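>>> need a structure here:
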Amino acid sequence: MILGSLILIFLMLNFQECIAGVVIEQVMKDREGRPSKVVLYFSENQLRTDHPEAGLTTIMDFKGDRMVMVDHRSKSYVEIKFSQWEKEVAEQLKKDVPGIQPKPRKIIVRRAGETATINGFRSEKVQVFADGELIEENWVTRDVEMKEVEKVMERVAKGFSKDFRIEMKEGREIYEKLKPYGFPILVKDYTLTYGLGGMDILEVKKLERKELKDEIFLPAPNYQRIIPEKPKK
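Numbering: from 1, shown residues only. So this is what the prediction gives:
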């Protein structure tokens, strides 16, 4: 962590009102090229994801076992235990394709020998192949130290790594094999298309280290908490 001991002293003096973190602004484009902005806030044990166009925010607090889903348009939110959400998602995944398992694919990550500067980051092109087919193109950088982000993402992935589905295990394998090359600044995903005619794109526009206030990981005080009804048996 940058300025480790100095940040610790600063936090103590400020009674934990702020925490060191990382803010990432990125743009996602679908196959039709329609963009949508996403803003991510990372702290040691917390992750917030904002989707401004949809008016939605998701907050994950791993230490507090808390997940908050905020609807800014209705000024309301739902709060549940993160461990409960993980369990429900895993159970739903098993129901989606019961008894059917795709064949595991051999994943190879390979440098393409190309470099470029993307949004101010010096990057190199790394390709991901599954059974010899190109499924991802990643432009990764070593210009940034991403320990805070990696720690949070490790926790996100941990809950699903035990799931039986091949897709989850494959995604985890790709993440682990890409990590030594650097942090992805631009990702082109070919998995949803036939050939290379279209793709989903994720591009990091801005990455900033900053001290994050506690309220960033809380719903606005004037928002109404909605208690979801329990499903009838």
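>>> so where's the protein shaky on pLDDT?
In the predicted model, the chain carries pLDDT under 70 at residues 1-19, 93-94, 96-102, 146, 148, 151, 154-168, 192-199, 230-233.
>>> and the residue nearest the centre of the chain, which of the three is it?
Centroid-nearest residue in the chain, with C-alpha atoms, centre = their mean: residue 153, separated by 6.4 Å. Secondary structure for residue 153, judged by DSSP: H, G, I helix; E, B strand; the rest coil, is helix.
>>> Surely residue 107 and residue 128 touch.
Yes - with contact defined as C-beta atoms under 8 Å, residue 107 reaches residue 128; the gap is 6.9 Å. Backbone N, C-alpha and C define where each C-beta goes, glycine included.
>>> number of nearby residues for the closest residue to residue 73 other than its chain neighbours?
Of all residues beyond its chain neighbours, the one nearest residue 73 is residue 55 (4.3 Å), with distances taken as C-beta to C-beta, 6 or more residues apart in numbering. Counted with other C-beta atoms under 10 Å, residues neighbouring residue 55 total 13.
>>> One more: residue 140?
22.
>>> Mind listing the residues bridging to it?
For residue 140, the beta-bridge partners are residue 124, residue 184 (DSSP bridges).
>>> residue contacts, it?
The neighbours of residue 140, taking C-beta atoms under 8 Å, 6 or more residues apart in numbering as the test, are 123-124, 126, 178, 181-185.
>>> Out of those, which comes closest to residue 139?
Nearest to residue 139 among the contacts of residue 140 is residue 123, at 4.2 Å by C-beta to C-beta.
>>> what about that closest one, distance to residue 74?
Going from residue 123 to residue 74 by C-beta to C-beta, to the nearest Å gives 40 Å.
>>> Neighbour count: the two, which is higher?
Per other C-beta under 10 Å, whichever of residue 123 and residue 74 has more neighbours is residue 123, with 25 against 11.
>>> Not counting sequence-adjacent ones, nearest residue to the more buried one?
Nearest to residue 123 is residue 139, by C-beta to C-beta, 6+ apart, at 4.2 Å.
>>> and the one you found, what is it in contact with?
Applying C-beta under 8 Å, 6+ apart to residue 139 gives the contacts 116, 118, 123-126, 184-187.
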